[in-house]
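Q: Kindly generate the corresponding structure for this input.
(2 chains)
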Amino acid sequence: GAGVSQSPSNKVTEKGKDVELRCDPISGHTALYWYRQSLGQGLEFLIYFQGNSAPDKSGLPSDRFSAERTGGSVSTLTIQRTQQEDSAVYLCASSRTTETQYFGPGTRLLVL
Amino acid sequence: AQSVTQLDSQVPVFEEAPVELRCNYSSSVSVYLFWYVQYPNQGLQLLLKYLSGSTLVKGINGFEAEFNKSQTSFHLRKPSVHISDTAEYFCAVSDYRGTYKYIFGTGTRLKVLA
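A: From the prediction side, this is the model:
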């Protein structure tokens, strides 16, 4: 079946602009995660959605970062007023159960 | 708080030789353990996982790992590597409280030499 998909695959933006990153989880997966992979910080958890429960936002690095998940499926990660330190690969993962996460190919964000 | 340590940032090994990638974790509660592989410009692919039961776990591509609770380790092994195993390998831990989010190690870059 189809895996986790993310768009765009690459995004180049100017400092100060807003960006939106999209994640389509595997059908039927109720849990959705966002992670960030950067050279300096490795792989970091950002946010978690599970069904209709309130999301766990404990990993978001600043209030410029937000995410939503509509209809329990597609999720959008928004970064406002981007900074150069936001440059990274943003990975989305989904899971049916509470254990194994399946990752998308990532969105490579470059802030100039 | 949980943490994961991958002591080796890079591991060069000759083709057909055995390899072990080390992973140690720290947690005050029981955890699930995972190994993922990342090929260049791709996402993470699950190699294997330990949830419970047998401490020796077999995964895809001939990899296996052994959970050692007393040493808080989950080392990844392969008896004979291939050029195509060249990639970055990440160890991750999650606990079954709340979010099940992963805490990742810093990764080990495996380079298989001809």
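
Q: Any regions of chain B where pLDDT drops low?
A: For chain B, applying pLDDT under 70 flags the ranges B:98.

Q: Name the residues of it found near chain A, please.
A: By C-beta under 8 Å from any C-beta of the partner chain, the residues of chain B that approach chain A are B:32, B:34, B:36, B:42-46, B:49, B:51, B:90, B:92, B:94, B:96, B:98-107. No exception for glycine: its C-beta is placed from N, CA and C like everyone else's.

Q: what about residue 52, how many residues close to it?
A: No chain specified, so I'll use chain A. Applying other C-beta atoms under 10 Å in any protein chain shown, we find 8 residues neighbouring residue A:52.

Q: that answer is for a different chain, and I need it for chain B
A: 8.

Q: For chain A, see how far away it is.
A: Distance of residue B:52 to chain A, given as C-beta to the nearest C-beta, to the nearest Å: 10 Å.

Q: Then residue B:12?
A: According to C-beta to the nearest C-beta, residue B:12 and chain A sit 21 Å apart.

Q: where does the residue nearest the centre of chain A land in three-state SS?
A: Nearest to the mean C-alpha position of chain A, counting by C-alpha atoms, centre = their mean, stands residue A:34 at 3.6 Å. Assigned by DSSP: H, G, I helix; E, B strand; the rest coil, the conformation of residue A:34 is strand.

Q: so it touches residue A:94, yeah?
A: No. Contact criterion C-beta atoms under 8 Å: residue A:34 and residue A:94 do not qualify, at 10.5 Å.

Q: anything in contact with each of the two?
A: residue A:23 (C-beta atoms under 8 Å, 6 or more residues apart in numbering or on different chains).

Q: Dihedrals phi and psi, residue A:85?
A: phi -70, psi -10 (degrees, to the nearest 10).

Q: What of residue B:83?
A: Here is the backbone geometry of residue B:83 (degrees, to the nearest 10): phi -50, psi -40.

Q: Next: the one 4 residues further on.
A: Here the main-chain torsion angles of residue B:87 (degrees, to the nearest 10) amount to phi -180, psi -180.

Q: Over to residue A:84?
A: According to degrees, to the nearest 10, residue A:84 has phi -60, psi -30.

Q: now the residue nearest to residue B:64 when sequence neighbours are not counted: how far from residue A:37?
A: Nearest in space to residue B:64, with sequence neighbours left out and distances taken as C-beta to C-beta, 6 or more residues apart in numbering or on different chains, is residue B:58 at 4.8 Å. Look at residue B:58 and residue A:37: by C-beta to C-beta, to the nearest Å, they are 27 Å apart.

Q: who has more neighbours, these two?
A: Using other C-beta under 10 Å as the criterion, residue B:58 and residue A:37 rank with residue A:37 on top: 20 against 10.
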